[in-house]
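Participant: mind looking at a prediction? Sequence and model below.
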Amino acid sequence: MRHLLPSLILVALMAMLMLRGYVHSEILADHRVQPEAATDKVPQKILDGGPVIDTRDGRTTSLDVEDHDLVLTFDDGPDPTWTPKVLDVLKAHHAHAVFFVTGTNASRYPELIRRMVREGHEVGLHTFNHPDLSYQSQKRIDWELSQSQLALAGAAGIRTSLFRPPYSSFADAMDNKSWPVTQYIGTRGYITVVNNTDSEDWQKPGVDEIIRRATPKGGKGAIVLMHDSGGDRHQTVQALDRFLPQLQGQGYVFENLTEALGAPSAHTPVTGTDLWKGEAWIFLVSASDEITDGLVVALAVIGVLVFTRFGLMLVLSAVHARRVRRRDFRWGAAPVTEPVSVLVPAYNEAKCIENTVRSLMASEHPVEVLVIDDGSSDGTALIVEGLDLPNVRVVRQHNAGKPAALNRGLANARYELIVMMDGDTVFEPATVRELVQPFADPSVGAVAGNAKVGNRDSLIGAWQHIEYVMGFNLDRRMYDMLRCMPTIPGAVGAFRRSALERVGGMSDDTLAEDTDITMAMHRDGWRVVYAERARAWTEAPESVQQLWSQRYRWSYGTMQAIWKHRRALIERGPSGRFGRVGLPLVSLFMVLAPLLAPLIDVFLLYGVVFGPTQRTIGAWLGVLTVQAICAAYAFRLDRERMTHLISLPLQQILYRQLMYVVLLQSWITALTGGRLRWQKLRRTGVVEAPGSIPRQRVQSGDDRRPVG
């Protein structure tokens with residue numbers, strides 16, 4: 001299910017976009033217009049005949065309407081703004097008309113088609129996407145007709161036998177290119193209707209001029225061409241409101257076409273399967289429009305939120321950096337010099353544990369090191385014991401998970417200040433000292449360090465390096481200033497022992513125990529801060545599969561932690577402050593916004609393929625530029641080399657997509673009630689910190705001794 005649903009959602013989203021693009025004439029639209037051609041192959045009686053051309057069953061006949069009969073025809077609609085106004089004027093003056101509608105607009109505004117039929121007007125086809133049919137194959141012509149009929153069936157339950165070709169004019173304008181199309185249209189059962197009086201309202205020549213052009217000479221009958229779509233039609237509406245009573249006063253009758261010709265109605269009812277297909281089509285078009293419009297709104301909202309977040313990060317990060325980097329800045333009256341207990345939970349960390357422990361032995365701050373072996377089977381505990389280093393102890397337990405290992409270490413720790421790190425992480429000599437200095441402020445209960453990617457030489461490592469520097473550290477500076485830091489990284493974090501005990505220690509309720517404990521600290525009234533100089537070097541996953549597993553657990557665990565602490569939204573005091581400031585920010589920027597952010601890429605792909613290409617690419621480059629500015633600023637704050645930012649564009653295209661799918665799967669797991677187990681990542685042990693004690697390899701063995 002976790003793999004099937006993302007695939008179905010992606011397919012459904014692309015299908016909706018394709019359907020919307022087709023209905024909005026962004027896909028498969030052909031805007032070519034045929035130049036004038038010779039007329040020698042067109043029968044002379046057609047060229048000299050009336051505007052109604054019947055080529056059904058091999059006929060070649062044309063008809064005209066009687067004197068004082070006017071058939072008003074409106075092309076290119078229906079339009080949600082102008083068609084209702086045209087219908088209102090027609091209704092007010094008890095006049096009928098023929099609306100030659102495009103299938104695209106009929107699909108999008110079916111209620112207007114229903115109103116036309118209900119008020120006695122006739123509806124004709126004007127193709128689906130309004131192409132010049134002389135350029136199209138018979139297969140495409142059939143498609144244009146059938147899709148338009150499908151829209152009419154779904155909108156009003158009818159079919160029509162009336163057709164007007166796009167870009168048509170008078171009968172004498174028929175040429176060798178358009179005549180074969182007219183003949184073929186007749187074989188499909190349609191009567192072609194052109195016009196013999198053109199109001200040219202599309203040129204907006206003024207109300208008086210429209211009326212003059214639409215008025216036939218000498219009381220003759222006419223088929224008058226007007227438009228109810230394709231732009232601003234206020235002149236058409238105003239002209240119509242004067243034109244109808246004026247000509248009615250001269251004895252003219254405004255009828256639909258079959259009334260004027262004394263023929264049976266052009267409409268026939270649709271029933272059964274064809275009706276169901278039409279209704280399904282209208283439903284799908286409506287759904288695609290509404291959902292896509294909703295996604296566009298969501299994209300706009302997310303865009304505003306993302307840019308707001310970028311702005312907050314830049315401003316607050318600068319304020320944070322200036323504050324903590326002042327020469328006179330102090331966390332308290334005196335620096336923290338008391339010894340620290342460092343807890344290292346380890347499960348099958350044979351490749352990394354020696355580097356980790358030796359880096360701690362190079363610490364400039366007094367430490368005791370507790371390696372809590374969580375039932376390892378690769379000799380992790382034996383390696384540590386074989387090092388025979390002072391102030392390093394091994395605590396063994398059956399495999400019970402990281403939170404249990406940390407609680408076991410906490411129970412065996414000697415000191416009030418507790419530093420926690422992962423078994424695949426190494427510290428610089430100054431890391432512990434810098435990490436515990438904020439505890440000089442008695443309101444500080446926990447400190448987040450600066451986790452950095454050690455194996456950044458690979459492409460995935462470089463991408464994660466950008467993410468760590470830009471996303472994590474800029475975020476932490478911002479959250480520090482807002483006093484709602486959501487996560488103390490498991491790789492490098494420090495706590496007051498008394499604060500941990502007050503909140504019940506580490507919990508195994510979630511897979512993100514670091515986020516869980518951080519939120520618990522906020523709710524208990526403790527301040528959580530960021531120590532930028534407390535650098536730790538961690539080994540990021542080197543394969544896509546390992547990265548997937550890690551981020552899947554992080555995303556799911558974060559959702560669990562948010563849900564666990566949801567009552568903070570309605571509580572008072574420090575818990576309420578975090579609930580109404582921290583939880584919304586975390587939910588918005590770490591869960592909801594990343595989930596909807598793929599819309600940027602989806603619409604980018606759509607815009608590049610179907611247009612407007614230049615504006616789409618320009619907008620995406622604008623977003624990338626803003627991200628690059630933030631990334632460059634983050635690298636400058638962390639004093640990192642800018643060369644790694646070369647891979648930023650590729651990261652935005654490829655790496656982010658993986659993160660989106662991971663987050664989506666986390667959502668699906670949460671919504672379907674699934675359970676995600678802890679997933680151990682394979683490590684290589686290649687990361688070493690500057691200034692650590694040189695590594696001396698010892699023989700590891702199978703460590704299966706009982707708990708001691």
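Facilitator: Cool, the structure landed. Numbering: from 1, shown residues only.
Participant: for the chain, which element, helix or strand, carries the lowest mean pLDDT?
Facilitator: Every helix and strand in the chain was compared by mean pLDDT, DSSP states H and E; the lowest is helix 593-596, with a mean of 70.
Participant: now do whichever strand or helix holds Met481: everything it contacts.
Facilitator: Assigned by DSSP states H and E, Met481 belongs to helix 474-482. Contacts to helix 474-482, defined as CB atoms under 8 Å, 6 or more residues apart in numbering, come from residues 312-314, 316-317, 319-321, 448, 485-486, 528-530, 532, 581-582, 585, 589, 630, 633-634, 637. C-beta here means a position set from N, CA and C on the backbone, and glycine is covered the same way.
Participant: now list the buried members of the residues you listed.
Facilitator: 312-314, 316-317, 320-321, 448, 485-486, 528-530, 532, 581-582, 585, 589, 630, 633-634, 637 (16 or more other CB atoms under 10 Å).
Participant: state the distance from the residue lying farthest from the centre of the chain to Gln250.
Facilitator: What lies farthest from the middle of the chain is Gly218; by CA atoms, centre = their mean that is 61.5 Å. In this view, Gly218 and Gln250 are 11 Å apart by CB to CB, to the nearest Å.
Participant: same check on Leu650?
Facilitator: 72 Å.
Participant: which residues sit in contact with the residue most central in space within the chain?
Facilitator: The residue lying closest to the centre of the chain (CA atoms, centre = their mean) is Leu599, at 2.1 Å. Contacts for Leu599 (CB under 8 Å, 6+ apart) come out as 295, 298-299, 302.
Participant: check which element follows the lengthiest strand in the chain along the chain.
Facilitator: In terms of residue count, the longest strand belonging to the chain (DSSP state E) is strand 527-538. With elements assigned by DSSP H and E, the helix or strand that comes after strand 527-538 is helix 544-564.
Participant: any idea how far the helix or strand encompassing Gln235 is from the chain center?
Facilitator: Using DSSP H and E, Gln235 falls within helix 234-248. Put simply, helix 234-248 sits 47 Å off its chain's centre (CA atoms, centre = their mean, to the nearest Å).
Participant: CA atoms only for it - export them in CSV, please.
Facilitator: Extracted C-alpha coordinates of helix 234-248, given in CSV (Å, rounded to 0.1, in the frame of the first residue of the first chain):
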residue,chain,number,x,y,z
HIS,A,234,-19.7,44.3,-23.0
GLN,A,235,-20.3,46.1,-26.4
THR,A,236,-22.0,43.0,-27.7
VAL,A,237,-24.3,42.8,-24.7
GLN,A,238,-25.1,46.5,-24.9
ALA,A,239,-25.7,46.4,-28.6
LEU,A,240,-27.9,43.3,-28.2
ASP,A,241,-30.1,45.1,-25.7
ARG,A,242,-30.8,47.9,-28.2
PHE,A,243,-30.8,45.7,-31.4
LEU,A,244,-33.5,43.3,-30.3
PRO,A,245,-36.3,45.8,-29.5
GLN,A,246,-35.3,48.0,-32.4
LEU,A,247,-35.6,45.3,-35.0
GLN,A,248,-38.6,43.7,-33.3
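Participant: for it, name the packing helices and strands.
Facilitator: helix 82-92, helix 207-214, strand 222-227, strand 253-254 (3 or more CB pairs under 8 Å, 6 or more residues apart in numbering; DSSP states H and E).
Participant: contacts only, for the nearest residue to Glu279 once chain neighbours are set aside.
Facilitator: Excluding the flanking residues, the one nearest Glu279 by CB to CB, 6 or more residues apart in numbering is Gly154, at 4.8 Å. Gly154 makes contact with 107, 110, 275, 277-283, according to CB under 8 Å, 6+ apart.
Participant: helices - which of the residues you listed land there?
Facilitator: 107, 110, 275, 277-283 (DSSP state H).
Participant: list only buried entries from those residues.
Facilitator: 107, 110, 278-279, 281-282.
Participant: and the residues you listed, which two are the farthest apart?
Facilitator: Farthest apart among those by CB to CB are Ser107 and Glu279. That separation is 11.7 Å.
Participant: quick one: low-confidence parts of the stretch 601-708 of the chain?
Facilitator: Scanning the stretch 601-708 of the chain for pLDDT under 70 picks out the ranges 611, 670-708.
Participant: what of the chain?
Facilitator: Using pLDDT under 70, the flagged stretches of the chain are 1-3, 5-6, 595-598, 611, 670-708.
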